[in-house]
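[1] structure, please.
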Amino acid sequence: MKTIYWLGYTFFRAAGKAFYNLRVVNEDKLVQTGGVMMAANHESFLDPPLIGITHPENVTYLARKTLFVGLTKWLYTNWDAIPIDQDNPDMTGLKRIIKALKNGKKVVMFPEGERTLTGDLNPALPGVGLIIAKSLATVQPMRIFGAREALPRGSGKMNMAQIVVVVGDPIYFDKETIVQYRGKEGYQAIADIIMNAIANLKDPR
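    Residues are numbered from 1 along each chain as shown. Sure thing, here's the model as predicted:
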């Protein structure tokens with residue numbers, strides 16, 4: 001683990017426990033080897049570090065391309081983040097994610113694409129299915145509870161709340177099974193499988 005990543009990991013892990021009594025449920029289910037898409041629901045700006053600090057090794061994040069300037073470029077690069085152009089999406093970002101997964105990295109992703117406004121889960125985007133179809137990475141479904149109460153979308157106010165991250169059973173895809181998922185409809189079907197697995201994780205609080 002890089003020093004700068006370790007410092008961020010240690011800070012967010014300590015802050016999560018101190019301010020939100022952060023608890024990780026089923027931590028033993030975390031996949032340790034090979035490329036893994038750590039796929040979670042999206043409630044808050046807190047979500048990326050909340051997912052990242054569940055894993056004992058470096059994970060890869062996605063970040064807005066506009067953040068890769070000056071000091072923040074150095075910081076996000078050392079945090080192993082992949083720049084994503086959200087205003088003009090193209091295949092460049094997807095290819096970088098696929099390459100990272102094929103190289104055995106753990107990549108934090110939110111299949112819904114944006115934070116929820118209501119607290120309900122939104123449909124998954126087909127791009128997530130495309131990434132899995134091309135990389136054959138293991139999917140680790142995860143669900144965050146409490147982050148929306150702590151920092152809801154559209155609010156700059158931090159609130160006290162119990163936050164729990166629930167780790168689900170991994171989902172495996174191989175060349176034999178993936179061939180049935182072709183084109184946009186097939187990618188959407190994969191994305192729906194992932195989102196259903198996230199939805200099935202229950203709040204233990």
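[2] secondary structure element holding residue 39?
    strand 36-40 (DSSP states H and E).
[3] again with residue 130
    With secondary structure defined by DSSP H and E, residue 130 is part of helix 126-135.
[4] check the offset of the next helix or strand after that helix from the chain's centre.
    Per DSSP H and E, helix 126-135 leads on to strand 138-145 as the next helix or strand towards the C-terminus. Here the centre of strand 138-145 is set off from its chain's centre by 8 Å, with C-alpha atoms, centre = their mean, to the nearest Å.
[5] run a quick neighbour tally on residue 162.
    Other residues within reach of residue 162 by the criterion other C-beta atoms under 10 Å amount to 13. C-beta coordinates here come from the backbone N, C-alpha and C atoms, glycine included.
[6] now do the contacts for it.
    Taking C-beta atoms under 8 Å, 6 or more residues apart in numbering as the criterion, residue 162 is in contact with 20-21, 23, 146, 205.
[7] could you tell me which of those belong to strands?
    Judged by DSSP state E, the subset of the contacts of residue 162 located in strands is residue 23.
[8] could you turn the buried ones of the contacts of residue 162 into a PyMOL selection?
    The following PyMOL line selects those of the contacts of residue 162 that are buried, judged by 16 or more other C-beta atoms under 10 Å:
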select buried, resi 20+23+146
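[9] quick check, nearest of the contacts of residue 162 to residue 47?
    residue 146 (11.0 Å; C-beta to C-beta).
[10] the closest one and residue 62, how far apart?
    In this structure, residue 146 lies at 22 Å from residue 62, with C-beta to C-beta, to the nearest Å as the measure.
[11] tell me which residues in stretch 70-86 are buried?
    Using 16+ other C-beta under 10 Å as the test for burial, stretch 70-86 gives 76, 79-84.
[12] I should have written stretch 117-131 there, sorry.
    Buried residues in stretch 117-131, counted by 16+ other C-beta under 10 Å: 121-122, 124-131.
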